[in-house]
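>>> need a 3D model of the following:
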Amino acid sequence: MIKKLDIESDEFQTVFELTKQFTDKVCEEHGFVYNPEADVNESVQMGLTRNKLIYDKRYCPCFMVVGNTQEEKDNADNRLCPCTPALEKEIPSQGHCHCGIFCTPEHAKLIEEKAQSTEEEIVHSKGFSKEECEAIFTKEQISGHEVESLLEARDLGFVNFNLVDTREWMEWVGHRIKGTDYLIPTTSFYQAIERIEDKKNIPVVVYCHSGSRSAYCQRIMLDMGFKSVSNLDYGIVTYQGEVLSGEED
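Modelled structure (predicted):
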């Protein structure tokens, strides 16, 4: 079941401010800095807020929360922010945690330099053949303009696939890619995935905010027997096509 929270409520906003203070403290205590992309930080902080309100713990929003009772959740070794894998492995070796909010100063500088020096050349891809579109489905990571091309091809009847948003409901309501078929939040993945378990032979494209949550779900879906699952590399923040906001009619 997808949990819906009112992000404009006083309760959410109060816990959201406390969560920002919490992540500030994590940075201060460990010598980290925030990701230079403010949208990444806000997305993670909102996810932590959601989990604090639902589970009374700031479970990492980039991973599903396993277990029904608190004892089951503890035994499942769910990630609590700042999680041990991030502190002991991810940040020392990669310069950032899995969610991307906590970075070393060196890695943050690299992100800024990359943003200043590179721009993706957006190529609108109307006219892709069926074969060219099907070739995209063989790729693990695909770009924003490739997703646009696939959506255009689907509208023309060339291909069929399911576009899946793995973010939380509150993010989905805020904005989502036009043409998204299903919301399957990472934190309630196993409950929500039931909606498409009978569609494993149809190619799937997954996305989240920056690409990490959806890549995690991608691996699980492939293990579950989905025939083809491609991930929108770097997430919705790189998507230049049309987006929607609000609940569905």
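
>>> pLDDT score for the residue nearest the centre of the chain?
Note on the chain: the residue nearest the mean C-alpha position is residue 208, at 2.7 Å, using C-alpha atoms, centre = their mean. Note on residue 208: pLDDT of 94.

>>> surely it and residue 167 touch.
Yes - counting by C-beta atoms under 8 Å, residue 208 touches residue 167, with 5.0 Å between them. Where you see a C-beta, it was placed from the backbone N, CA and C, and this is true even at glycine.

>>> what sits in contact with each of those two?
186, 236 (C-beta atoms under 8 Å, 6 or more residues apart in numbering).

>>> could you chop the protein up by domain?
Domain ranges of the chain: 10-117, 130-241, per automatic domain parsing.

>>> which stretch among those comes nearest residue 4?
domain 130-241 (5.0 Å; C-beta to C-beta).

>>> what's around the residue nearest to the residue nearest to the centre of the chain when sequence neighbours are not counted, how many residues?
Closest residue in space to residue 208, ignoring its immediate chain neighbours: residue 214 at 4.1 Å, by C-beta to C-beta, 6 or more residues apart in numbering. For residue 214, the number of neighbouring residues by other C-beta atoms under 10 Å comes to 28.

>>> now residue 214: how far from residue 192?
Distance of residue 214 to residue 192, given as C-beta to C-beta, to the nearest Å: 13 Å.

>>> next secondary structure after the lengthiest helix in the chain?
Longest helix in the chain by number of residues (criterion: DSSP state H): helix 10-30. Moving toward the C-terminus from helix 10-30, the first helix or strand encountered (DSSP states H and E) is strand 33-34.

>>> what sits up against that following strand?
With contact meaning C-beta under 8 Å, 6+ apart, strand 33-34 is reached by 23, 27, 41, 101, 102, 103, 104, 105, 108.

>>> quick check: mean pLDDT of it?
98.

>>> distance between it and the chain's centre?
The chain centroid and the centroid of strand 33-34 are separated by 19 Å under C-alpha atoms, centre = their mean, to the nearest Å.

>>> report the buried residues of whatever helix or strand comes next after it.
Sequence-wise, the next helix or strand downstream of strand 33-34 (DSSP H and E) is helix 38-55. Using 16 or more other C-beta atoms under 10 Å as the burial criterion, the residues of helix 38-55 that qualify are 40-41, 43-53.

>>> now those residues as JSON lines including distance to residue 240?
JSON lines is the format used below for the buried residues of helix 38-55 (distance: C-beta to C-beta, whole Å):
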{"residue": "40", "distance to residue 240": "18"}
{"residue": "41", "distance to residue 240": "22"}
{"residue": "43", "distance to residue 240": "19"}
{"residue": "44", "distance to residue 240": "23"}
{"residue": "45", "distance to residue 240": "25"}
{"residue": "46", "distance to residue 240": "23"}
{"residue": "47", "distance to residue 240": "24"}
{"residue": "48", "distance to residue 240": "28"}
{"residue": "49", "distance to residue 240": "29"}
{"residue": "50", "distance to residue 240": "28"}
{"residue": "51", "distance to residue 240": "31"}
{"residue": "52", "distance to residue 240": "33"}
{"residue": "53", "distance to residue 240": "33"}
